[in-house]
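Novice: Here is my input; please provide its structure:
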Amino acid sequence: QMGKSDQGVAALWMIAHYFRRPLSYIGFGGSGKQVRDLLHVDDLADLVLAQIGHFDAHAGQCWNVGGGAGNSVSLLEATALCREITGNSVPIAAVAGDRPNDVRVYITDARRIHEGAGWRPRRELRRIFADLYEWLRAEEGRLAPVLVP
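Specialist: Next comes the predicted model:
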């Protein structure tokens, strides 16, 4: 997901910290306590490659895939990780009003794929944010014109 306000919150948070752009904690009192689980793209790629390699064993299965409780993070915690990794602090506004369809907590229930395929994410939260930072640093010249208004 490409760090936009409606998708890719980890990328959005790291992009804002990297390029020193302001953010907002929106809804739920502007507390920053909304929680999402994160999945490293390499963990998803590992799963897809395993499924391709054992196609018959996975045929017809339907599983939820995500980072689960072990890779869940609030916006407050994401802010702390981004500050630590980038060394940058950005202004964060508190917008108290809730928006329709906002969800306070989303954590993927991936128990079926854990049990059925033996797959679990291997890359933890800090690695997800650190890899986003390294990607931004390596591609800054190409990304800045697209990501920074």
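Novice: Go through this protein and flag its longest helix.
Specialist: Longest helix of the chain, by residue count under DSSP state H: helix 125-147.
Novice: elements contacting the helix or strand hosting residue 114?
Specialist: Using DSSP states H and E, residue 114 sits within helix 111-117. The contact analysis (3 or more C-beta pairs under 8 Å, 6 or more residues apart in numbering; DSSP states H and E) places helix 111-117 against helix 41-53. Placement of C-beta: from N, CA and C, glycine included.
Novice: could you point out which element follows the helix it packs on?
Specialist: Next helix or strand after helix 41-53 toward the C-terminus (DSSP H and E): helix 55-58.
Novice: any idea of the mean pLDDT for that next one?
Specialist: For helix 55-58, mean pLDDT rounds to 80.
Novice: Output that helix in PDB with nothing but the alpha carbons.
Specialist: What follows is helix 55-58, C-alpha atoms only, in PDB (Å, rounded to 0.1, in the frame of the first residue of the first chain):
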ATOM      1  CA  PHE A  55      -0.100 -25.400  -5.100                       C
ATOM      2  CA  ASP A  56      -2.100 -28.500  -4.600                       C
ATOM      3  CA  ALA A  57      -1.900 -28.300  -0.800                       C
ATOM      4  CA  HIS A  58      -3.300 -24.700  -0.900                       C
END
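Novice: Run the chain-centre distance for that helix.
Specialist: Computed by C-alpha atoms, centre = their mean, to the nearest Å, the separation of helix 55-58 from the middle of its chain amounts to 28 Å.
Novice: Brilliant, that's me finished.
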